[in-house]
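Q: Sequence unavailable; structure follows:
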Ligand SMILES: Nc1ncnc2c1ncn2[C@@H]1O[C@H](COP(=O)(O)OS(=O)(=O)O)[C@@H](OP(=O)(O)O)[C@H]1O
Ligand SMILES: [Mg+2]
Ligand SMILES: [Mg+2]
Ligand SMILES: [Mg+2]
């Protein structure tokens, strides 16, 4: 726990302010890259998933801002990217590009008087190698969640969480392409068509959203639908990330009428937290192991908005086991009324799979 709670009683107020600043700055770099993406900005990682100059640049900026804003902190960050591919022959140009992007974003923002060398960039990326775990504090970062969506020009998120003694206590989700306007009137904070939502939550203090560019924060809550017939589903945009035959079998068992809303990244958790949809189900292939950065920030935004996030056995997600998420197959996020029904349907669907 922090030593000095702020006046409003949020023991993580300083960490939240730093995390919001870090995510907003990283999102600015991502927006700039997405507007002018070239094929040469994209690499393929050893696991054949893509990574772009913006994934690396975002990871550098988030780490830098957290260190600058919280100097007395012993710093540990579990982050998705590493510098291995950037140290290979032929990666000089891409590294140069990342370094320029990071330095230009810092200059344009004006908060910090600093300039990074290519070596600084590599070292800062590698700072993300922490293993996290059950003791102490660890930031958890997905510098771009939904890289495929980012490349397509669709949804993506900069997702930052804080683990304290094995528990996620804070989450910030920057979603540059998600409208601020909610489709749920109760949580509607915008009258216009402003793009860019920043969701944030700290444990025990609720979840809020504001414009990515800054606006008055607004408390959000999950929808209160209790009859699944009125519910709508979120699922991954990428068909390979979640078994659609199982999701549609669950929807059928529940009597869900609406077609699934397919969206990339943890923007799904943000949308669900403000009631844009009622249920998010993710059932990857059996051999896929989830990583903590794909769910840490999103899950606390949903639980602090009054929702629940469980694995296929109905257990809470355990973020304390290192870089991988210890969970039974499948993740469900929904409200407290629908959770028992969705869990039952999911367990039946998995049983009938073969
Ligand atoms: N095969 C497979 N199965 C399940 N999940 C996978 C798989 N491959 C990748 N990933 C991870 O999915 C992250 C993107 O999250 P989503 O699946 O929710 O979004 S998407 O709609 O599919 O883009 C994505 O996150 P990013 O790598 O940060 O984009 C991956 O960590
Ligand atoms: Mg990735
Ligand atoms: Mg991800
Ligand atoms: Mg990522």
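A: Alright, I've got the coordinates. Note that the structure is a prediction, hence the values are computed from the model and not measured. Residues are numbered from 1 along each chain as shown. Ligands and ions are numbered 1, 2, ... in the order given.
Q: The residue of the chain found nearest ligand 3 bridge partners, please.
A: Nearest residue of the chain to ligand 3, counting by C-beta to the ion: residue 145, 3.6 Å away. For the C-beta atoms, the positions are set from N, CA and C on the backbone; glycine is no exception. Under DSSP bridges, the beta-bridge partners of residue 145 are residue 157.
Q: How much space separates it from residue 175?
A: 9 Å (C-beta to C-beta, to the nearest Å).
Q: related to what we said a few turns ago, quick one: contacts for the residue of the chain closest to ligand 3?
A: Going by C-beta atoms under 8 Å, 6 or more residues apart in numbering, residue 145 touches 156-159, 265-266, 293-294.
Q: repeat that with 10 Å
A: Neighbour list for residue 145: 55, 80, 155-159, 173-175, 264-269, 293-295, 297-298 [criterion: C-beta atoms under 10 Å, 6 or more residues apart in numbering].
Q: So which of those reach ligand 2?
A: Counting by C-beta under 5 Å from the ion, nothing from those sits close to ligand 2.
Q: and those, which of them are in helices?
A: 55, 267-269, 297-298 (DSSP state H).
Q: Generate CSV for these, with neighbour count as supplementary columns.
A: Formatted as CSV, the ones in helices among the contacts of residue 145 follow (neighbours: other C-beta atoms under 10 Å):
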residue, neighbour count
55, 28
267, 29
268, 29
269, 31
297, 34
298, 32
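Q: Pick the one among those closest to residue 333.
A: Of all the ones in helices among the contacts of residue 145, residue 333 sits closest to residue 269, with 6.2 Å by C-beta to C-beta.
Q: Mind listing the shared neighbours of residue 145 and residue 175?
A: With C-beta under 10 Å, 6+ apart, residue 145 and residue 175 have common neighbours 155-159, 265-269.
Q: ok, which pair from these is furthest apart?
A: Among the shared contacts of residue 145 and residue 175, 158 and 268 lie farthest apart (C-beta to C-beta), at 14.7 Å.
Q: ok, now which ones touch the residue in the stretch 201-350 of the chain positioned nearest to ligand 4?
A: The minimum distance from the stretch 201-350 of the chain to ligand 4, using C-beta to the ion, falls at residue 293 (7.0 Å). Contacts for residue 293 (C-beta under 10 Å, 6+ apart) come out as 77-81, 128, 132, 139-143, 145, 159-161, 266, 319, 323, 325.
Q: And for residue 212?
A: 20, 23-24, 27-28, 31, 158, 174-178, 180, 194-199.
Q: quick one: it from residue 270, how far?
A: Distance from residue 212 to residue 270, by C-beta to C-beta: 11 Å.
Q: any common contacting residues for the two?
A: 174-175, 178, 197-199.
Q: Looking at the residues you listed, which are in strands?
A: 174-175, 178, 197-199 (DSSP state E).
Q: Residue 315: which of the shared contacts of residue 145 and residue 175 is nearest?
A: Nearest to residue 315 among the shared contacts of residue 145 and residue 175, with distances taken as C-beta to C-beta, is residue 269, at 18.0 Å.
Q: Contacts only, for the closest one.
A: 145, 157, 159, 171, 173, 175, 199, 207, 234, 280, 295, 297-303, 305, 307, 309, 331, 333.
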